[in-house]
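*Asks:* After the sequence you'll find the predicted model.
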Amino acid sequence: MDMDKDKTAERVLRAQVRKRIAAASGFVLDVDFHAAPGFTIVFGASGAGKTMLLDCIAGLVQPDSGCIAIGDHVLFDAAEHIHLPVEKRNIGYVFQDLALFPHLTVEENVEYGLSRLPRAERIYRTAAMLDAFRVPHLARTGPGKISGGERQRVALARALVTDPVVLLLDEPLAALDAATKSRIIDDLRAWNEAHRIPILYVTHSREEVFALGENALVLDHGRILAQGTPHEVLSAPQQETVANLAGFENILDATVESLHADRGTMSCLLYQSESGVQAKPVPLETPLVRAEVGSTLRVGIRAGDILLAIAPPVGLSARNIIPGRLLLLERRDVIISARVNCGVELEVHLTLAAREALQLEPGKEVWLVIKTHSCHLMQK
Amino acid sequence: MSIDWQAFWLTLRLALIVSALLFVIGLPIAYWIAFSRWRWKFLIEAIVALPIVLPPTVLGFYLLVALGPHSPLGRWWISLTGHTLAFTFTGLVIGSILYSLPFAVQPFAASFSSIDRKLISASATLGASPLRTFFRVTAPLSKPGLITGAALTFAHTMGEFGVVLMVGGNIPGVTRTVSIEIFDQVQASNYATANATALLLLLICFAMLAIVYGLNRKAWLIAPIHGHGQR
């Protein structure tokens, strides 16, 4: 057991990195974190510095200051003037656009990183890796002639065949459909079970965060906003930027009216945040957090977590039933986004079928049903 | 009418030697131009491009001075070999290398610059040294540019006149190239011979360029792969 612990410690990636991009833009990447073996999801909007962070770890970009190490093995240390060249770091990196070599076959691409091994070993390991990622039949094909999903598999195989000490994945599955994506994720998980190295997985997709997540960190404007399990980071965010990233369509101000420690809840009054219009505050029961009566918090509610009824509902467990009037119905892809005025304005997502069945039209009187635990509280 | 075959062989030999040497000299210069981030790089690019716009006589004149007995290089060469570099075949090679430099370096550098940098980064993350990356990724993907550069150097050297006249003079079998031979024939009013020689030179250069453009037609796709699931 202790042995295992030591081994794990040897493999932990530590990165403390500061890098300023051209002074004019003012963007500074400034992060300090540990990544244990297993998946660490790096989550953030585009421009948050995710790719820059991976480039620093891979050695493609030299940070201005800081230190990057895997266990005791130092890759970069500004103070000690250590900057190990990219090719000596043994870090697997799958780029967003994959960067397969167009003039080599699939097999040659995967074999590329094995040039120091004897020929027999190269052939053996390449074949085994093509098998593991289910693309052995494509060995002699050029990367330009295979599908997007197959390219992702080849890119993963090429990065992993070298037995890297850290794996960096920059939105490797962004362009794929859900089914292909989940099959590749399964194969990647299987590989990870066997090898256990730190894997930094960059994405801006919530689904991928939950599918892969053991550990997640949220990056915004070059800084880490939150770190923890995906659930901790995304479901109960502490900061509003995280909430925006996590997809809360409704973010409102709320003042705390009373605390009910015995029930684990508290009563709040909702206000519309942005509009200066004095609207009727809406009472809302939320989970209990450490807050003072009279203080103002922010509440995030996902549009998909709100139920809509056309008659006052009875016999529900949900504590918040709020009457209102439909303002607007808008079709977005396969959902209907409804805006409801109930003193504050809330966005609710419905299916196309629900709209038909309930014969929803603007102006119709409706009741919104919100579970206590669908209300996520944040610092203002 | 008699074509001076000696001049043809001399010219061919000169063009082959210059192409081979410029390939070796041009690659590192082009690589540096394509990948360096030095802020004054444009100055070097301008110097490399000078022979395109400079009259051959200007280049030839400076070369003559530089290779002659009054320059350190010329004196060093004389102490080594006992004669000056000017009006020798070696002098001709040096002059032609400088004169054809942009014709090699510019296509090389252009094709290096057009390579997707991510491919070079990918090669490095897979443990390849810069040298291995060059031979396994950069050079193979630049093949059309490398062929173009070598062929342009060859064809350009085949037809050069001014620098050769200035640096090499007109010594049969040593420095008399085809273009000078044509000039001589015209001066002597041997238009038939001049015509035959000129036509032959034209055909050789055309064949050379046709082969190059034919080869490059089947060039690899350099563009990065934009994979979004379509087959």
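*Replies:* Yes, it's here.
*Asks:* Contact partners for the residue positioned nearest the centre of chain B?
*Replies:* The structure's chain B has its C-alpha centroid closest to residue B:153; by CA atoms, centre = their mean the separation is 3.1 Å. Listed by CB atoms under 8 Å, 6 or more residues apart in numbering or on different chains, the contact set of residue B:153 reads B:15, B:18, B:19, B:22, B:23, B:26, B:100, B:103, B:104. For every residue, glycine as well, the C-beta is placed using N, CA and C.
*Asks:* Kindly recompute the last result at 10 Å.
*Replies:* Residues in contact with residue B:153 (CB atoms under 10 Å, 6 or more residues apart in numbering or on different chains) are B:15, B:18-23, B:26, B:96-97, B:99-105, B:107.
*Asks:* tell me the secondary structure for residue 45?
*Replies:* Looking at chain A here, since you left the chain open. Three-state call for residue A:45 (DSSP: H, G, I helix; E, B strand; the rest coil): coil.
*Asks:* Nearest spatial neighbour of residue 172, chain-adjacent residues omitted?
*Replies:* Using chain A. Leaving out its chain neighbours, the residue that sits closest to residue A:172 by CB to CB, 6 or more residues apart in numbering or on different chains is residue A:94, at 4.7 Å.
*Asks:* I was thinking of chain B, sorry if that wasn't clear
*Replies:* Counting by CB to CB, 6+ apart, the residue nearest residue B:172 is residue B:6, at 6.4 Å.
*Asks:* Can you mark which positions in the helix or strand encompassing that neighbour are buried?
*Replies:* Here residue B:6 is covered by helix B:5-35, with elements defined by DSSP states H and E. Buried positions in helix B:5-35, judged by neighbour count with 16 or more other CB atoms under 10 Å in any protein chain shown: B:7-8, B:10-12, B:14-15, B:17-19, B:21-23, B:26-27, B:29-31, B:33-35.
*Asks:* How about stretch A:214-225?
*Replies:* Buried residues in stretch A:214-225 (16+ other CB under 10 Å): A:215, A:216, A:217, A:218, A:219, A:220, A:221, A:222, A:223, A:224, A:225.
*Asks:* From those residues, pick the one nearest residue B:169.
*Replies:* Nearest to residue B:169 among the buried residues of stretch A:214-225 is residue A:222, at 66.5 Å by CB to CB.
*Asks:* what ranges do the helices span in chain B?
*Replies:* B:5-35, B:41-53, B:56-67, B:72-81, B:89-113, B:117-125, B:130-133, B:139-141, B:143-158, B:162-163, B:178-187, B:191-217 (DSSP state H).
*Asks:* follow-up on the earlier one: from the contacts of residue B:153, list the ones also adjacent to chain A.
*Replies:* Contacts with chain A are made by none of the contacts of residue B:153, judged by CB under 10 Å from any CB of the partner chain.
*Asks:* what about the longest strand in chain A?
*Replies:* Criterion DSSP state E: the longest strand present in chain A is strand A:320-332.
*Asks:* That strand pairs with which strands, parallel or anti?
*Replies:* strand A:335-341 (antiparallel), strand A:365-370 (antiparallel) (DSSP bridges).
*Asks:* To residue A:378, which of those strands lies closest?
*Replies:* Nearest to residue A:378, of all the strands paired with strand A:320-332, is strand A:365-370, at 16.4 Å by CB to CB.
*Asks:* quick one on the thing from earlier: next, count neighbours for the residue nearest to residue A:172.
*Replies:* Residues lying near residue A:94 (other CB atoms under 10 Å in any protein chain shown) number 25.
*Asks:* where's the residue nearest to residue B:177 when sequence neighbours are not counted relative to chain A, distance?
*Replies:* Leaving aside its sequence neighbours, residue B:177 sits nearest to residue B:11 (CB to CB, 6+ apart; 4.4 Å). Distance of residue B:11 to chain A, given as CB to the nearest CB, to the nearest Å: 35 Å.
*Asks:* got it, and residue B:202?
*Replies:* Per CB to the nearest CB, residue B:202 is found 35 Å from chain A.
*Asks:* That residue contacts residue B:159, correct?
*Replies:* Yes - between residue B:202 and residue B:159 there is a contact under CB atoms under 10 Å: 9.0 Å.
*Asks:* the more surrounded of those two?
*Replies:* Using other CB under 10 Å as the criterion, residue B:202 and residue B:159 rank with residue B:159 on top: 17 against 11.
*Asks:* Report pLDDT for the nearest residue to the more buried one once chain neighbours are set aside.
*Replies:* Nearest non-adjacent residue to residue B:159, counting by CB to CB, 6+ apart: residue B:179, 5.8 Å away. Here, the pLDDT recorded for residue B:179 equals 85.
*Asks:* remind me which residues of chain A are low pLDDT?
*Replies:* By pLDDT under 70, the low-scoring segments of chain A are A:1-8, A:23-24, A:206-207, A:210-211, A:213, A:231, A:234-245, A:272-279, A:379-380.
*Asks:* picking that back up, in contact with the residue nearest to residue B:172, which residues?
*Replies:* Neighbours of residue B:6 in contact, by CB under 10 Å, 6+ apart: B:172, B:173, B:174, B:176, B:181.
*Asks:* So chain A: which segments form each domain?
*Replies:* Using automatic domain parsing, the domain ranges for chain A come out as A:2-236, A:248-378.
*Asks:* ok, the closest residue to residue A:20 other than its chain neighbours - how many residues close by?
*Replies:* Nearest residue to residue A:20 in three dimensions, chain neighbours excluded: residue A:28, at 4.9 Å (CB to CB, 6+ apart). Applying other CB under 10 Å, we find 14 residues neighbouring residue A:28.
*Asks:* Also the one 5 residues further on?
*Replies:* When neighbours are counted by other CB under 10 Å, residue A:33 registers 18.
*Asks:* Of all residues in chain A, which one is nearest the centre?
*Replies:* Chain A, centroid-nearest residue using CA atoms, centre = their mean: residue A:43 at 3.7 Å.
*Asks:* Pretty sure that residue sits against residue A:208.
*Replies:* Yes - with contact defined as CB under 10 Å, residue A:43 reaches residue A:208; the gap is 8.8 Å.
*Asks:* related to what we said a few turns ago, OK, contacts around the residue nearest to residue B:177?
*Replies:* Neighbouring residues of residue B:11 by CB under 10 Å, 6+ apart: B:157-160, B:164, B:176-181, B:201, B:204.
*Asks:* same thing with residue A:322?
*Replies:* Neighbouring residues of residue A:322 by CB under 10 Å, 6+ apart: A:270, A:282-284, A:306, A:340, A:342-344, A:346, A:366-370.
*Asks:* Can you select the buried ones from those in PyMOL?
*Replies:* Per 16+ other CB under 10 Å, the buried members of the contacts of residue A:322 correspond to this PyMOL selection:
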select buried, chain A and resi 270+282+284+306+340+342+343+344+346+366+367+368+369+370
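*Asks:* Just give me the closest of the contacts of residue A:322 to chain B.
*Replies:* residue A:306 (33.9 Å; CB to the nearest CB).
*Asks:* ok, that closest one - contacts?
*Replies:* Applying CB under 10 Å, 6+ apart, the residues contacting residue A:306 are A:249-250, A:318, A:320, A:322, A:338, A:340, A:346-350, A:368-371, A:374.
*Asks:* just residue A:308 next, same as before
*Replies:* Residue A:308 neighbours (CB under 10 Å, 6+ apart): A:324, A:326, A:336, A:338, A:340, A:346, A:348-350, A:354-355, A:358, A:360, A:366-369.
*Asks:* Confirm it sits in a strand?
*Replies:* Yes - counting by three-state DSSP, residue A:308 is found in a strand.
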